[in-house]
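Visitor: this is a predicted model, with the sequence first.
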Amino acid sequence: MTRLIFGVSLVIIKIYMTFAEFKNRIIKRWYFLIILIVVINFLFIPFVSRQDYTGSVSFGMNLNSAQLDDAILSGQDSLVYSALTEEFSLYLLSRFSSVEIQSLVGSPLGQTGNFDSQNPFYDVTSQYAGFVSLSYIDKDKNVVENFITAAVNAYNAIVKEWNQARLPVFQVQAMDEFNQSITQNVQSAQVKALPTVIAILIGLFLILIIPTKTVKK
């Protein structure tokens, strides 16, 4: 740490004591800065030009207005409804995190690796009672579209699985319309300008520390 502070101090002293010389060096070596900016921007092209897509889709229970009104008007039914929605959302979280469902969703995407129930290859989050959201990022928009389709198919299988193991009063109806979206992610203007800023800083530092050749008369 001491050496770092000492080195920075020397640089600062050199800047303040030889500002006129430093300015002349920049004027004489402007081409060096241009070359450095071009080279570093070229090296950063894969990073700053990267873009990908995020596919998101939400799943839950499909209750018509009559069922919902009955659940709200009846205190007992309301408690049953609340317990049902909470249990169903936990069930969705558990099943979408399972290796079995990950394999079902991942197969159309070419995902054939070792799946981990503790760390699914897509994001699974709880939105509110009875609903969960899935999201997946890929550079290919078609893959993201296939993910949403595969997730919907998996959801229908999960609902069928849920209903087969429960009495009719606790069975749910699969949704027929889904809240889904595909968004394009691009690098911000600040990130795109970062290589140029880095090149300028490196160039100025090198111009500062590299001595100029003196011509003997």
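Guide: Structure received.

Visitor: would you list the phi and psi of the residue minimising distance to the centre of the chain?
Guide: Centroid-nearest residue in the chain, with Cα atoms, centre = their mean: I137, separated by 6.7 Å. Per-residue torsions, I137: phi -120, psi 130 (degrees, to the nearest 10).

Visitor: could you do the one 3 residues further on as well?
Guide: Dihedral angles phi and psi of D140 (degrees, to the nearest 10) take the values phi -100, psi 120.

Visitor: wait, it touches Q51, no?
Guide: No: applying Cβ atoms under 8 Å as the test, D140 and Q51 come out as separate, 10.8 Å apart. The way it works is simple: take the backbone N, C-alpha and C, and place the C-beta from them, glycine included.

Visitor: low-confidence bits of the protein, can you list those?
Guide: Residue ranges of the chain with pLDDT under 70: 1-23, 49, 63-81, 129, 169, 187, 208, 210-217.

Visitor: what residues go with each domain of it?
Guide: Using automatic domain parsing, the domain parsing of the chain gives 2-48+188-209, 51-186.

Visitor: related to what we said a few turns ago, for the residue nearest to the centre of the chain, give me its contacts.
Guide: D52, Y53, T54, G55, V144, N185 (Cβ atoms under 8 Å, 6 or more residues apart in numbering).

Visitor: buried subset of these?
Guide: With burial judged by 16 or more other Cβ atoms under 10 Å, the buried subset of the contacts of I137 is Y53, G55, V144.

Visitor: where do the helices sit along this structure?
Guide: 2-17, 19-28, 30-43, 45-48, 65-73, 75-97, 99-106, 141-164, 189-209 (DSSP state H).

Visitor: mind putting those in CSV, distance to Q180 included?
Guide: Formatted as CSV, these follow (distance: least, Cβ to Cβ, whole Å):
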stretch, distance to Q180
helix 2-17, 51
helix 19-28, 54
helix 30-43, 37
helix 45-48, 29
helix 65-73, 23
helix 75-97, 15
helix 99-106, 14
helix 141-164, 5
helix 189-209, 28
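
Visitor: list the contacts of N156.
Guide: Counted by Cβ under 8 Å, 6+ apart, N156 has contacts A174.

Visitor: quick check: chain neighbours aside, which residue is closest to L104?
Guide: A154 (5.0 Å; Cβ to Cβ, 6 or more residues apart in numbering).

Visitor: my guess is that neighbour contacts S97. True?
Guide: No: contact criterion Cβ under 8 Å: A154 and S97 do not qualify, at 11.6 Å.
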